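Student: Based on what follows, work out the 3D shape:
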Amino acid sequence: MGGAVSAGEDNDDLIDNLKEAYYIRSDLVERAFRAIDRADYYLDEYRDNAYKDLAWRHGNIHLSAPCIYSEVMEALDLHPGLSFLNLGSGTGYLSTMVGLILGPFGVNHGIELHADVIEYAYQKLDSFIKTSDSFDKFEFCEPSFVVGNCLEIPPESRQYDRVYCGAGVQKEHEDYMKNLLKVGGILVMPLEEKLTKITRTGANSWETKKIISVSFAPLMLPKHSTNGKPKSVPLPKYEVRTLQELARICIRHTLRVTTDGGDNQSRGRGSSFSVGRGLAVAGLHKYGPRFKRRRVHRRHCNIQLRGLNSRGQSRSTADHPSEGEKPTVCWCRIISKENCSTTTDTTAGIGCQCICFYRVMPWISPI
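Tutor: Numbers count the residues shown, from 1 in each chain. Now for the predicted structure:
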């Protein structure tokens, strides 16, 4: 499947051709495609074919045609913070692009039938994180992969906002796939030779749209277990981020916005978007307020802030409040005098407004 657009000389040229043919229609999808070089997911001896609008297969490794991935990304209607399940995740190319849009507070899971392909996918993911300039320009939801047959997911498993299946689904498995969706979720899959978008509008109601004709290899049916019991594929776990990870996200976000400075830069001949901003901070802008809510302190601060000296450092005195008395203000390490405006909040004990991660995570005790 493929061949709908002309071959490109490089990744940007390929994306330009997909835009001209109206396969890529949104800025969000364009940014994700430009951020990841398709050739990086090819074996070295086959890289010359990476920018053709053709599917590629070598052994168990497989990539769909760029025009198919474009239609899939557009149909999924991705946003920061969503949960995504990729059935037949393969090389991880699609999951990595999706992760750039989901941002740091999304969920990005994949199931792949072949263990050697998962190993290949993790190698490519590690290379992207360590060597790609794009990794530092986006808030990234790192994908997690598990080995198994996607038709062996337990029926009581969690549901997802977005689901994609990269193999042909027979009519008999349509309801099984639908049950993986949350209400309001979107499922994209090849169904009876048509790339199909299914939206769950209610507990038992659906909207179906046929997108384009496609040709996919059918899903592999599960093999019977030796003990007669049905097999079960455990999905990747939802992992709660540690305070250290949250602090790193906030610091990287601040550094990115500071270094970008709001300058607009273009990537590719058909691109017109700001690098680093926009998609890079979309996840934090949408979900940032959860860290600004007032929380119960694990222990009360016992230092009252008296003011700033000429170097922008705090002048404070230790003052242990009497039992039942709340401190006047909390204390934090002040980064600069210009970036701090101290206020008093006697009800919550949160006073500092300086730009540091104590501002967005005020329940952390001072260093």
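Student: residues contacting Thr201?
Tutor: 183-184, 207 (C-beta atoms under 8 Å, 6 or more residues apart in numbering). (Glycine included, C-beta is placed from N, CA and C.)
Student: For stretch 241-248, buried residues please.
Tutor: Residues of stretch 241-248 classed as buried: 246-247 (neighbour count, 16 or more other C-beta atoms under 10 Å).
Student: Okay, Gln123 and Phe84: tell me how far apart.
Tutor: Relative to Phe84, Gln123 is positioned 21 Å away (C-beta to C-beta, to the nearest Å).
Student: if I read this right, Arg200 contacts Thr208, doesn't it?
Tutor: No. Using C-beta atoms under 8 Å, Arg200 is not in contact with Thr208, being 10.6 Å away.
Student: Gln170 and Pro190: what is the separation?
Tutor: Gln170 is 10 Å from Pro190, by C-beta to C-beta.
Student: how many neighbours does Phe135 have?
Tutor: 15 (other C-beta atoms under 10 Å).
Student: ok, now the one 3 residues further on?
Tutor: Look at Phe138: counted by other C-beta under 10 Å, it has 25 neighbours.
Student: pLDDT below threshold where in this protein?
Tutor: Within the chain, the stretches with pLDDT under 70 are 1-4, 224-230, 260-367.
Student: can you give me the helices in it?
Tutor: Here the chain has its helices, by DSSP state H, at 11-20, 27-35, 66-76, 93-102, 115-131, 174-178, 243-260, 279-287, 357-360.
Student: Mind listing what's buried along the fifth one?
Tutor: Going back to what we said before, that points to helix 115-131. Buried, per 16+ other C-beta under 10 Å, within helix 115-131: 117-118, 120-121, 124-125, 128.
Student: With the first one instead?
Tutor: Within helix 11-20, the residues scored as buried using 16+ other C-beta under 10 Å are 11-19.
Student: what would those residues look like in TSV with distance to Thr258?
Tutor: Converted to TSV, those look like this (distance: C-beta to C-beta, whole Å):
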residue	distance to Thr258
Asn11	28
Asp12	27
Asp13	33
Leu14	33
Ile15	29
Asp16	31
Asn17	36
Leu18	33
Lys19	31
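Student: Among those, which one sits closest to Pro154?
Tutor: Leu18 (37.7 Å; C-beta to C-beta).
Student: How about the contacts made by the closest one?
Tutor: 5, 24, 33, 53, 66-67, 70.
Student: Got a quick ChimeraX command for the buried subset of these?
Tutor: To isolate the buried ones among the contacts of Leu18 in ChimeraX, judged by 16+ other C-beta under 10 Å, type:
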select :5,24,33,53,66,67,70
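Student: Tell me the one of the contacts of Leu18 nearest Ile101?
Tutor: The nearest one, if we look at those relative to Ile101 and count by C-beta to C-beta, is Phe33, at 10.8 Å.
Student: I'd guessed that closest one sits against Ser26; true?
Tutor: No. Contact criterion C-beta under 8 Å: Phe33 and Ser26 do not qualify, at 10.5 Å.
Student: For Leu187, give me its contacts.
Tutor: Leu187 neighbours (C-beta under 8 Å, 6+ apart): 162-165, 177-178, 180-181, 197-200.
Student: Please report how far it lies from Asp13.
Tutor: From Leu187 over to Asp13 (counting by C-beta to C-beta), the distance is 32 Å.
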